[in-house]
Structures are given as structure tokens and as C-alpha cells.
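# Got a predicted structure here, sequence first:
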Amino acid sequence: MEAFKFETSFGRVLGMAHTAMYRHLGKLMKDRNLPITPDQFRLLAHLWQNDGLQQSELALCTNRNRANVTRIVDILEREGIVKRQDDPNDRRVFRIFLTDLGKQLKKETATCAHQSIEDALIGVSGEERAIAINVLKKIIANVG
């Protein structure tokens with residue numbers, strides 16, 4: 001049996017690709033003077049689809065722990081991008097809503113996300129993209 005080679009392993013290469021795309025998205029957003037980071041974008045993307053989620057729901061759908069989501073929401077609230085409101089049915093729960101600024105960021109941020117993906121896939125054929133997506137979906141099903 002061949003020895004495990006971390007630097008060339010599938011997991012390492014997958015992680016490096018994720019990090020490269022994350023950094024590239026951050027650069028594109030910074031170049032456009034957008035006031036958010038890729039981590040914040042991940043959370044906002046869910047609010048753009050379903051405004052008013054609970055913090056616990058945001059943690060679940062972003063695959064982050066509640067403390068991390070609380071920290072991100074704190075920053076976004078301080079920047080005037082989201083606001084917390086008490087849940088009318090449970091006083092222990094906050095719902096997170098987009099402000100007007102948060103709603104306005106959607107279009108330009110989505111443009112950056114699209115550009116980041118297109119830049120990352122330069123030279124990758126449609127067939128290769130489909131194969132990669134299928135492989136990643138199998139990985140998620142196996143260990144997600």
C-alpha cells in the first residue's frame with residue numbers, strides 16, 4: 001500500500017481550491033468597495049432568499065456554529081446591513097432581517113460571486129463542470 005501523501009491528496013487539493021475561490025471572491029468584493037466579506041456573503045445569501053431567519057436557522061443552513069453566526073450578525077448589524085428583531089412567538093429567539101442597505105448589496109455582490117466562479121472555471125469544459133459537480137454531490141452524500 002502506497003503511503004498517504006497529504007500535499008497531493010484529494011482533500012488537500014479540494015481545500016486549496018476552496019481557499020483560492022474564497023480569496024478571489026474577497027478580492028472582487030474589495031475591489032468594488034463592498035462592505036462585506038465572503039463569510040458574511042454566505043450568511044446574507046440565505047437572507048436574500050428568506051429574510052427573517054432565526055440565528056439558529058442561519059447556523060444550520062450556512063454550516064456554521066451558533067457562536068460564529070452570532071459574531072457575523074453582530075458585525076453586519078453594526079454596519080447597518082441587518083437588524084435583529086424579537087420573534088413574536090418566542091421572546092428567547094431573534095430573527096435576522098435585511099436593512100435597505102442589506103437588500104441593496106444583493107445585486108453587486110451576486111455579480112462578484114458569478115464573476116468569481118467564472119474566473120475559477122476558465123478552461124474547464126461544460127462536461128468537466130458536470131463531472132465535478134456530480135463528484136462533489138457524491139462526497140456530500142457520503143460524508144455530509
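Looks like it came in fine.

# Where does the prediction get shaky in this structure?
Within the chain, the ranges that satisfy pLDDT under 70 run 1.

# Which parts of it are strands?
With strands called from DSSP state E, the chain shows them at 53-54, 82-87, 90-98.

# mind listing what the most centrally placed residue in the chain touches?
Nearest to the mean C-alpha position of the chain, by C-alpha atoms, centre = their mean, lies Arg42 at 2.4 Å. Contact partners of Arg42, counting by C-beta atoms under 8 Å, 6 or more residues apart in numbering, are Thr62, Arg64. Quick note: C-beta positions are derived from backbone N, CA and C, even for glycine.

# gap between it and Met16?
19 Å (C-beta to C-beta, to the nearest Å).

# got it, and Ser56?
Ser56 is 32 Å from Met16, by C-beta to C-beta.

# cool, and Lys137?
Taken as C-beta to C-beta, the span from Lys137 to Met16 is 20 Å.

# Kindly report the same for Arg66.
For Arg66 relative to Met16 (C-beta to C-beta), the value is 28 Å.

# Wait, Gly80 touches Leu101, no?
Yes: applying C-beta atoms under 8 Å as the test, Gly80 and Leu101 come out as touching, 5.3 Å apart.

# In the sheet, which residues pair with Leu98? Tell me.
With DSSP bridges applied, Leu98 shows beta-bridge pairing to Val82.

# Surely it is in contact with Gln49?
No: with contact defined as C-beta under 8 Å, Leu98 does not reach Gln49; the gap is 10.8 Å.

# So between those two, which is more surrounded?
Neighbour count, other C-beta atoms under 10 Å: between Leu98 and Gln49, Leu98 has more, with 19 against 10.

# Against His24, how distant is that one?
25 Å.

# This protein: helices as residue ranges?
Listed in chain order, the helices of the chain (DSSP state H) span 10-31, 38-49, 55-62, 66-78, 100-120, 126-143.

# can you list these in a markdown table and add distance to Asn89?
Conversion of the helices of the chain to a markdown table gives the following (distance: least, C-beta to C-beta, whole Å):
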| stretch | distance to Asn89 |
| --- | --- |
| helix 10-31 | 35 |
| helix 38-49 | 19 |
| helix 55-62 | 14 |
| helix 66-78 | 19 |
| helix 100-120 | 23 |
| helix 126-143 | 33 |
